[in-house]
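Asks: How does the following fold in three dimensions:
(chains A and B)
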Amino acid sequence: QVLLVESGGGLVKPGGSLRLSCEASGFTFSNYYMGWIRQAPGKGLEYISYSSTTNEYTNYAGSVKGRFTISRDNAKKSLFLHMSGLTAEDTAVYYCARGFEEYQLPFYFDTWGQGTLVTVSS
Amino acid sequence: DIVLTQSPATVSLSPGDRASLSCRASQSVSTHLAWYQQKPGQAPRLLIYDASKRAAGIAARFSGSGSGTDFTLTISSLESEDFVIYYCQQRGKWPLTFGGGTKVELK
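Replies: You can find the predicted model right below:
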């Protein structure tokens, strides 16, 4: 069974930092580009970032560029998102998701985790 | 960034009805568009990709059409579990963007 499980969310003060993790199982993690997508409470979806199979290539949405860093550990089948300079606008459920096709840019996402909530508040 | 506008924001229908959900792009994305379904408290699920291709395990009552800037998700006969929110997403140009969603509610 293909599964993604996020962790690391929580309450953080404005300006603070947080690291999210996503553990994968049920597929060959190292063959897939992986991404993060977030959803503010009651709002729509926003693409955040992707990591290539070896993390050689990464991409960020403008809203997080320079503040968020994506990384991965293929041996541990894990994806990470390090977030810094957090503001209230970063409050959201953060989803880890798998790119649609092996070795291809994550144009679409066919498997999603259950999400982890990040709340930025003083 | 490419803006995707979904309409209507909410549609009220009955089980067995046909649903047509619209997604309009601010510039052409060719057929590089997907549709996702999101149930309350759950992650989105990929329904349609490349405008008209059904993802694995998706019921035949879901179909997609369109190209360029205008796209439609059609649910041929609504079942009870279909009364949830649907999002479109484009991959024609980075960054990937999503529409604001259409909620299909019970009439």
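Asks: For the rest of this, base every contact and every neighbour count on C-alpha atoms.
Replies: Will do.
Asks: ok but A:G66 is inside a strand, no?
Replies: No. The assignment for A:G66, made by DSSP: H, G, I helix; E, B strand; the rest coil, is coil rather than a strand.
Asks: confidence score at it?
Replies: The score at A:G66 is 97. That number is its pLDDT.
Asks: quick one: low-confidence parts of chain A?
Replies: Scanning chain A for pLDDT under 70 picks out nothing.
Asks: where's the residue sitting nearest the centre point of it, which helix or strand?
Replies: Most central in chain A under C-alpha atoms, centre = their mean is A:W36, positioned 2.8 Å from the mean C-alpha point. Element membership for A:W36 (DSSP states H and E) is strand A:34-39.
Asks: List the contacts of that strand.
Replies: Under the criterion C-alpha atoms under 8 Å, 6 or more residues apart in numbering or on different chains, residues A:45-53, A:79, A:81, A:92-99, A:106 lie in contact with strand A:34-39.
Asks: could you list every residue that touches the nearest residue to A:T87 once chain neighbours are set aside?
Replies: Once flanking residues are discounted, A:T87 sits nearest to A:P14: 5.0 Å by C-alpha to C-alpha, 6 or more residues apart in numbering or on different chains. By C-alpha under 8 Å, 6+ apart, the contact set of A:P14 is A:G85, A:L86, A:T87, A:A88, A:V120, A:S121, A:S122.
Asks: coming back round to it: adjacent strands (with direction) for the strand holding A:W36?
Replies: Strand A:34-39 has its sheet partners listed here by DSSP bridges as strand A:45-51 (antiparallel), strand A:92-99 (antiparallel).
Asks: Looking at these, spot the one closest to A:G26.
Replies: Taking C-alpha to C-alpha, strand A:92-99 is the member of these nearest to A:G26, at 11.9 Å.
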